[in-house]
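Novice: Next come a sequence and a model predicted from it.
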Amino acid sequence: MGNEQSLPQNLALTTQFSEEELRRLGKRFKKLDIDKNGTISIEEFMSLPELQQNPLVRRVIDLFDTDRNGEIDFKEFVQGLSQFTVKGADKESKLKFAFKVYDIDQDGYISNGELFQVLKMMVGTNLKDVQLQQIVDKTILIADRDGDGKISFEEFSAMVGTNTDFHNRMVVDV
């Protein structure tokens, strides 16, 4: 975890967490870091029973993993979680994070295929592919205001951002 004295101070300046909250997060991080190598792998994340049933946990981990090395270090862990604090990220930041969950190829748009992939992760085998594709097509039709066949961040915000519960549900207690 690097220099444990200076890291919380540095992260306190760049995130919404206090030094005390960062110390608590450090303890949680160490518990998740089963092999004690200073990073958390997908397997280590999945060791938490509450995450094992979450179909989007791998997408969230991908978004936390900013250096794309397949593991989350403490800085990535804290910066990722800072988007979900009550005093931290605003509604716009949370919307951007949610948008990125769907924008798999990171081109700034949610395509029909990307929406299908993410919804498939969420519903598993509960819907047939044909039924799921119908939902995807209808969603694109409703959300796609400029008619380009994909959903931009602005279109996503217009559709999801009107949900008053959205901001409150994307909160982590530290």
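Specialist: Noted; the coordinates are in hand.
Novice: what's the pLDDT at the residue nearest to the spatial centre of the chain?
Specialist: Residue closest to the average C-alpha location in the chain (C-alpha atoms, centre = their mean): residue 60, at 3.6 Å. We note a pLDDT of 85 for residue 60 in this prediction.
Novice: likewise residue 29?
Specialist: 93.
Novice: re the thing from before, ok so the residue nearest to the centre of the chain is a strand residue?
Specialist: No. Using DSSP: H, G, I helix; E, B strand; the rest coil, the secondary structure at residue 60 is helix, not a strand.
Novice: from what I can see it touches residue 101, true?
Specialist: Yes. Here residue 60 reaches residue 101: they are 6.9 Å apart, a contact under C-beta atoms under 8 Å. For glycine as for every other residue, the C-beta is placed from the backbone atoms N, C-alpha and C.
Novice: Now residue 130: which helix or strand?
Specialist: Assessed by DSSP states H and E, residue 130 sits inside helix 129-143.
Novice: what residue ranges in this structure score low on pLDDT?
Specialist: Residues of the chain that meet the criterion pLDDT under 70 lie in 1-9, 12-14, 85-89, 163-174.
Novice: repeat that with 50
Specialist: When residues are selected by pLDDT under 50, those of the chain lie in 1-6.
Novice: Helices of that one, start to end?
Specialist: In the chain, the helices defined using DSSP state H lie at 6-14, 19-32, 42-46, 49-52, 57-64, 74-81, 91-102, 112-123, 129-143, 153-160, 164-169.
Novice: who's in contact with the residue nearest to the centre of the chain?
Specialist: The contact partners of residue 60, by C-beta atoms under 8 Å, 6 or more residues apart in numbering, come to 80, 101.
Novice: Now do it against residue 157, distance only.
Specialist: Going from residue 60 to residue 157 by C-beta to C-beta, to the nearest Å gives 19 Å.
Novice: who touches the helix holding residue 130?
Specialist: 112, 115-116, 119-120, 123, 127, 149-151, 155-156, 158-159.
Novice: residues in contact with residue 56?
Specialist: By C-beta under 8 Å, 6+ apart, the contact set of residue 56 is 101, 118, 121, 122.
Novice: again, but for residue 121
Specialist: Contacts of residue 121 (C-beta under 8 Å, 6+ apart): 55, 56, 58, 59.
Novice: Any idea how far stretch 119-137 is from the middle of the chain?
Specialist: 21 Å (C-alpha atoms, centre = their mean, to the nearest Å).
Novice: Right, I'll call it a day here.
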